[in-house]
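J.: sequence and computational prediction follow.
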Amino acid sequence: MAPTIASVDKLAAWLDTQELGTGAPLESRYISGGSQNEIYELRRGDLHCAMRIPPMTAPADRDNGIVREWRIIEALDGTDVPHTEAIAVCTDPSVLGRTFYLMGFVDGWSPMDTLGKWPPPFDTDVRERRGLAYQLVEGAALLSKVDWRAKGLQDLGRPDGFHERQVDRWTGFLERIKGRELPGFDEAAAWLRTHRPIDYIPGIMHGDYQFANVMFRHGAPARLAAIVDWEMGTVGDPKLDLGWVMQSWPEDTNSGAGSVGDYVDMTGMPSRSEVLKHYADVSGRQVDDIDYYCVLAQWKLAVILEQGYQRANGDPKLEAFGPVILDLMRGAAELAEESDYQR
């Protein structure tokens, strides 16, 4: 059974205080959710939006995470980054028991909702898939250009020393949750300690940027509708979002290779080189150090997923991470060994 909103009457009363659909009946529909957040579609008069709220069972600090997400989508208003409109935020627990925010409802589709298959016309016209790839990486490029200081996000993250902290931070994290050996971890970590980006320009980063966390407009040509799910958003190095996308992007997309998790069909998409060039053209950033970001992305993602795997407790979805994590860590070590990037 889908979750329901704790108190529709209290939510309607709060909406009145915000002058959102005042006095009209409130309709709600559960869209999706997990241990971290639930999403509902709300309709009330001329209001049509989505609500993002932690479930009652989520840790208390998830409320702070909701505020962080809100600050990011609010900061994106007025930029050319595809995003959900920031409508309102509520930190008063007397309304629904948790902090929540309202964002514009996006009429679009996510690759995660199509069960691994592209919707029409991308299912049959593989040439149109090129646009999906370019739009995905263009979203990350546009995000990297946002003036985060002007948007009041100086305290959102700790950009100073970002790369110097990465290995120690995630090594310590793994030690706290460690339940098995991850072959390749030490080799990739050692490589990351002795390599750094050519240049580091701080900015807003999504933290989990991939096809799973964007939405597209319906129909062709491909148009990015919104970047979503900002749970890992911060101010750091935006080019790590590029590394997240490119970590397993093949040069030959018609070879049958897929992205991490193999949840998208890469056939017909532009090559790795073409996608990197598009990011560089839009962002104005160089991509000669992409190997560093791909090693860091694979290594870090493996550690993050390992936490879920260690807590699986019989959950088949989390247990399925087991071999994926080993492949990611092995891939990070192999790329580090094979790369000729020296900085």
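T.: Nice, thanks for sending it over. All figures in this text were calculated on a predicted structure; none of them were measured in a lab.

J.: isn't Ile325 right up against Ala302?
T.: Yes - taking Cβ atoms under 8 Å as the definition, Ile325 is a contact partner of Ala302 at 4.9 Å. Glycine gets a C-beta too; all of them are placed from N, C-alpha and C.

J.: of these two, who's got more company?
T.: Taking neighbours as other Cβ atoms under 10 Å, Ile325 and Ala302 compare with Ala302 leading, 26 against 21.

J.: please identify which helix or strand holds the more buried one.
T.: Counting by DSSP states H and E, the element that carries Ala302 is helix 290-310.

J.: in terms of secondary structure, what does the helix or strand just after that helix contact?
T.: In the C-terminal direction, the helix or strand that comes right after helix 290-310 (DSSP H and E) is helix 316-319. Packed against helix 316-319, as judged by 3 or more Cβ pairs under 8 Å, 6 or more residues apart in numbering; DSSP states H and E, are the following elements: helix 290-310.

J.: I'd like to know which elements the helix holding Ala302 is packed against.
T.: Counting contacts by 3+ Cβ pairs under 8 Å, 6+ apart, helix 290-310 is packed against helix 162-177, helix 185-193, helix 239-246, helix 316-319, helix 321-338.

J.: pull up the overlap in contacts between Ile325 and Ala302.
T.: When contacts are counted by Cβ atoms under 8 Å, 6 or more residues apart in numbering, Ile325 and Ala302 have Leu182 as shared neighbours.

J.: low pLDDT regions in the stretch 201-343 of the chain?
T.: Regions of the stretch 201-343 of the chain meeting the criterion pLDDT under 70 cover residues 256-262.

J.: who's in contact with Arg285?
T.: Residues in contact with Arg285, defined by Cβ under 8 Å, 6+ apart, are 141, 144, 199, 201, 239, 279.

J.: all strands in the protein, in order from the N-terminus.
T.: Listed from the start of the chain, the chain has strands (DSSP state E) covering 27-33, 38-44, 47-53, 86-90, 100-104, 203-205, 214-216, 224-227, 234-236.

J.: run the angle between the second one and strand 47-53 for me.
T.: Relative orientation of strand 38-44 versus strand 47-53 (axes from the mean of the first three to the mean of the last three Cα atoms, to 10 degrees): 160 degrees.

J.: name the nearest residue to the spatially most central residue of the chain, ignoring sequence neighbours.
T.: Nearest to the geometric centre of the chain sits Asp208, at 3.2 Å (Cα atoms, centre = their mean). Closest residue in space to Asp208, ignoring its immediate chain neighbours: Met232 at 4.9 Å, by Cβ to Cβ, 6 or more residues apart in numbering.

J.: phi first, then psi, for that neighbour.
T.: Per-residue torsions, Met232: phi -110, psi 10 (degrees, to the nearest 10).

J.: show me what contacts it?
T.: With contacts defined as Cβ under 8 Å, 6+ apart, the neighbours of Met232 are 206-208.

J.: picking that back up, list the buried residues of the helix holding Ala302.
T.: If you call a residue buried by 16 or more other Cβ atoms under 10 Å, then helix 290-310 has these buried ones: 290-306, 308-310.

J.: hang on, the earlier thing: from the strands of the chain, which stretch is densest packed?
T.: Highest mean neighbour count among those (mean count of other Cβ atoms under 10 Å): strand 203-205, with a mean of 26.

J.: contacts made by it with the rest, please.
T.: Where contact means Cβ under 8 Å, 6+ apart, the residues beyond strand 203-205 that reach it are 72, 75, 143-146, 148, 153, 156, 233-238, 240-241.

J.: if we use 10 Å, what do you get?
T.: Strand 203-205 is contacted from outside by 72, 75-76, 79, 81, 140, 143-149, 151, 153, 156-157, 159, 162, 230, 232-242, 244, 283, 285, using Cβ atoms under 10 Å, 6 or more residues apart in numbering.

J.: just the buried residues out of those, in ChimeraX syntax.
T.: In ChimeraX, selecting the buried portion of the contacts of strand 203-205, with burial taken from 16+ other Cβ under 10 Å, looks like this:
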select :72,75,76,81,140,143,144,145,146,148,151,153,156,157,159,162,230,232,233,234,235,236,237,238,239,240,241,242,244,283,285
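
J.: what's the local residue count around Leu326?
T.: By the measure other Cβ under 10 Å, the count of residues near Leu326 is 18.

J.: so it sits right up against Gly184, yeah?
T.: Yes - between Leu326 and Gly184 a contact is recorded at 8.3 Å, counting by Cβ atoms under 10 Å.
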